[in-house]
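S.K.: Please find the sequence and the predicted model below.
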Amino acid sequence: MKRIFLFSALALLLTVAAQAQQLLTPSFGFSHKKTSYVTLTDGTVITGTLKDVDRKKGLIEYVNIEDGEGKKNKLKAEKIKLMYLPPTAFDNMVKATDFIYDSQKWTQQKLDQDLIGQGYIYFENAKVKIKKKEMSLLMQLLNPTFCDKVRVYNDPLAKETTSLGFGGVTLAGGNEKSYYVHLEGSKAAFRLYKKDYKEQFPGLWQKCPEMKKNYPNMKWEDFTQNIIDYNTCAK
């Protein structure tokens with residue numbers, strides 16, 4: 001009886017662990033009280049309080065940080081290599097379940113596991129293909145704990161399939177209708193649409209032939225699990 005209970009408990013834990021790995025709900029609001037961490041392309045690290053984020057067409061153009069000495073730094077997005085921005089208190093509460101991850105997964109990533117665990121939002125400078133043009137943009141990474149071979153960035157202009165909101169704040173984000181996706185070895189991230197997923201599925205996961213067999217329906221709803229499986233399958 002005890003053995004059955006232990007096996008059941010183990011199965012439940014494995015299920016919870018698998019479900020805990022998910023794409024994060026994109027964040028657009030950040031705390032102006034907690035510490036932000038910004039690393040520039042020249043290696044300079046700026047630690048301070050976020051004052052403002054300037055956007056154009058949804059994409060970050062400037063980040064305004066006041067450091068510990070009271071100096072205000074207006075930083076161009078193109079000069080920022082990566083940054084960790086703190087969520088608002090409400091956003092952090094909403095995202096609480098998003099950060100129930102296996103801490104061993106963090107050691108495989110070149111990210112600050114402590115800040116990610118606290119709910120910090122991670123941005124990095126990435127090459128993105130927009131139409132036929134490649135651009136370097138500051139992108140929000142949505143799978144910071146399982147991005148070994150596939151990095152998924154928020155599409156600022158994407159629409160959600162479903163969501164539950166209160167007072168203009170998203171409480172439970174639905175599946176986004178598009179993401180920017182970067183596969184290991186490729187030059188730039190490309191925009192992947194929900195409506196095109198079934199058509200692009202074979203080419204997207206071509207380094208892992210088992211994917212098509214394991215997911216014959218090629219559903220957009222399985223996208224997160226597809227990434228997790230691909231990380232362990234692709235050579």
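M.R.: Nice, I can see it.

S.K.: contacts and neighbour counts: CA atoms only from here.
M.R.: Noted.

S.K.: Check the residue most central in space within the chain and give its pLDDT.
M.R.: The centroid of the chain falls nearest to L142 when counting by Cα atoms, centre = their mean (0.9 Å). pLDDT for L142: 95.

S.K.: I'd assumed P26 was in contact with it.
M.R.: Yes. The criterion here is Cα atoms under 8 Å, and L142 meets it with P26 at 7.1 Å.

S.K.: Now for the two: what residues contact both?
M.R.: Common neighbours of L142 and P26, counting by Cα atoms under 8 Å, 6 or more residues apart in numbering, are N154.

S.K.: quick one: the helices in this structure?
M.R.: 2-20, 89-94, 103-106, 113-117, 197-204, 210-214, 223-233 (DSSP state H).

S.K.: so what's L82 up against?
M.R.: Applying Cα under 8 Å, 6+ apart, the residues contacting L82 are V38, T39, L40, Y122, F123, E124, N125, L138.

S.K.: Okay, the first one and L85: tell me how far apart.
M.R.: Going back to what we said before, that points to V38. 8 Å (Cα to Cα, to the nearest Å).

S.K.: who's more crowded, the two?
M.R.: Using other Cα atoms under 10 Å as the criterion, V38 and L85 rank with L85 on top: 25 against 22.

S.K.: these two touch, right, that one and G29?
M.R.: No. Using Cα under 8 Å, L85 and G29 do not qualify as a contacting pair, with a distance of 9.5 Å.

S.K.: longest strand anywhere in the chain?
M.R.: Identified as the longest strand of the chain according to DSSP state E is strand 45-56.

S.K.: what about this structure, any weak spots by pLDDT?
M.R.: 1-21, 90-110, 159-175, 235 (pLDDT under 70).

S.K.: swap the cut-off to 50 and go again
M.R.: The model of the chain has pLDDT under 50 over residues 2-19, 93-94, 96-108, 161-174.

S.K.: what comes up buried for the longest strand of the chain?
M.R.: Buried residues in strand 45-56, counted by 16 or more other Cα atoms under 10 Å: I46, T47, G48, T49, L50, K51, D52, V53.

S.K.: Specify which member of those is nearest to G117.
M.R.: T47 (18.4 Å; Cα to Cα).

S.K.: Spit out the contact partners of that closest one.
M.R.: T35, S36, Y37, V38, I65, D67, G68.

S.K.: shouldn't the second one be in contact with P86?
M.R.: Looking back up the chat, that one is S36. Yes. The pair S36 / P86 is scored as a contact, 6.2 Å apart, by Cα under 8 Å.

S.K.: who has more neighbours, these two?
M.R.: P86 (27 against 23).

S.K.: ok, the more buried one to P209 distance?
M.R.: P86 is 39 Å from P209, by Cα to Cα.

S.K.: Over to G185?
M.R.: 18 Å.

S.K.: who has more neighbours, these two?
M.R.: Neighbour comparison, G185 and P209: the larger count goes to P209, with 13 against 8 (by other Cα under 10 Å).

S.K.: burial count for L138?
M.R.: 25.
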